[in-house]
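In: Predicted coordinates and the sequence they were generated for:
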Amino acid sequence: MRYEIFSTSHLKRWIWKALGLILLVSSCATEPQQKTKSSPKPKVKIEVPTFSADSAYVFIEKQVSFGPRVISSKPWQNCAIWLEQKFKTYTPNVILQEAPITTYDGKHHTLKNIIASFSPEKNNRVALFAHWDSRHIADHDTENQNKPILGANDGGSGVGVLLEMARQFSIKNPKIGVDIILFDAEDYGQPENSGFPIMQNSWCLGSQYWSNNPHKQNYFAQYGILLDMVGAKDATFRHEQISFYYASNILQKVWRKASRLGFGNHFVFESANQILDDHYYVNTITGIPTIDIIEYDPATESNFNKHWHTHKDDMDNIDKSTLNAVGQTLLEVIYTE
């Protein structure tokens, strides 16, 4: 073992060097590290397409040009062919769902539900509904009550809006998957004093069939939106009670979007009576929470449009500003999901 002998001056120099080293290490250990501020991520602006009311109007006009679309009639057959072909110009995923039915008057028919799907591989989906048939009688008219009506608003308007939306989807796919489902035989319901035995559930035969037999096994959508009578001038839409019961959050979402877009004159934050429509069967059978955007007019006895189930439900009953309010609102809902 060897001992090192230091002089006093040598020892002092060694102590000062040691102290300097300790201070250096200490200062390095305690020196605060400068934090780099991460700049906030810029908000991605979602580009929502502009709805073309002119296009929707033309689609309604085309349907009406076939004549009344009463199940099993020639105009109905021609319109079904056109609808299927038109959807195929926007998506290859088009299904024609056919099924035998018997109506309240004992007649046998084969209904045709028409389904167009966009991004069918996506699990996050929304279903958009309308009925494409028209009433077989004018039971709320004062003349020619036994003749079928054109149904420009009642049937044609919802289909016209959805066809225009399909056109937009083909140009720019939304982030979610969308199924457009057109129901048949919605309006072949039993009228009062028909002379036939009362048939339960005589209305909405297409939606009843689809709800029990969806076009895809185990099909489910996050929610559904039904359009019915969405094209008349100054039409107002309220919180229909079946919609509120089964899908109040969707109802609020759609009405708030409409209000922010400046369509509060059409989408009114007031309650309306419950209506037996296609959405009732979608809600109760499939469990898909579905709302009904349908005109409510408190000034009429029926609470529907004044030309409901009459021969005046023609193209003169269609207003582009109403079509725009409904279509642009729905595009906003779909593209911001």
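Out: Ah, there it is. This structure is a prediction, so every number in the text was calculated from the model and none was measured. Numbers count the residues shown, from 1 in each chain.
In: For stretch 56-72, list every residue counted as buried.
Out: Going by neighbour count (16 or more other Cβ atoms under 10 Å), the buried part of stretch 56-72 is 56-57, 59-60, 62-64, 66-71. For every residue, glycine as well, the C-beta is placed using N, CA and C.
In: Ok, stretch 228-247 next?
Out: 228-232, 235-240, 242-244, 246-247.
In: Phe304 and Asp297 touch, don't they?
Out: Yes: applying Cβ atoms under 8 Å, one finds Phe304 in contact with Asp297, separated by 6.3 Å.
In: related to what we said a few turns ago, which of the buried residues of stretch 228-247 fall in strands?
Out: If you go by DSSP state E, the buried residues of stretch 228-247 have Asp228, Phe237, Arg238, His239, Glu240 in strands.
In: how many neighbours does Ser119 have?
Out: Using other Cβ atoms under 10 Å, Ser119 is surrounded by 17 other residues.
In: List the contacts of it.
Out: Taking Cβ atoms under 8 Å, 6 or more residues apart in numbering, we find Ser119 in contact with Asn173, Pro174, Ile176, Gly177, Val178.
In: so the third one makes contact with Pro120?
Out: No: Ile176 is not in contact with Pro120 according to Cβ under 8 Å; the separation is 11.7 Å.
In: What ranges does the stretch 1-150 of the chain have for its strands?
Out: 94-102, 108-118, 125-131 (DSSP state E, counting those that start in this stretch).
In: Quick one: closest of these to Gln252.
Out: Shortest distance between Gln252 and the strands of the stretch 1-150 of the chain, using Cβ to Cβ, is found for strand 125-131: 15.9 Å.
In: show me the residues around Ser302 that make contact.
Out: Contact analysis of Ser302 by Cβ under 8 Å, 6+ apart lists His140, Trp308.
In: related to what we said a few turns ago, tabulate the strands of the stretch 1-150 of the chain (CSV), appending mean neighbour count and distance to Ala80.
Out: Converted to CSV, the strands of the stretch 1-150 of the chain look like this (neighbours: other Cβ atoms under 10 Å; distance: least, Cβ to Cβ, whole Å):
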stretch, mean neighbour count, distance to Ala80
strand 94-102, 15, 8
strand 108-118, 21, 5
strand 125-131, 25, 13
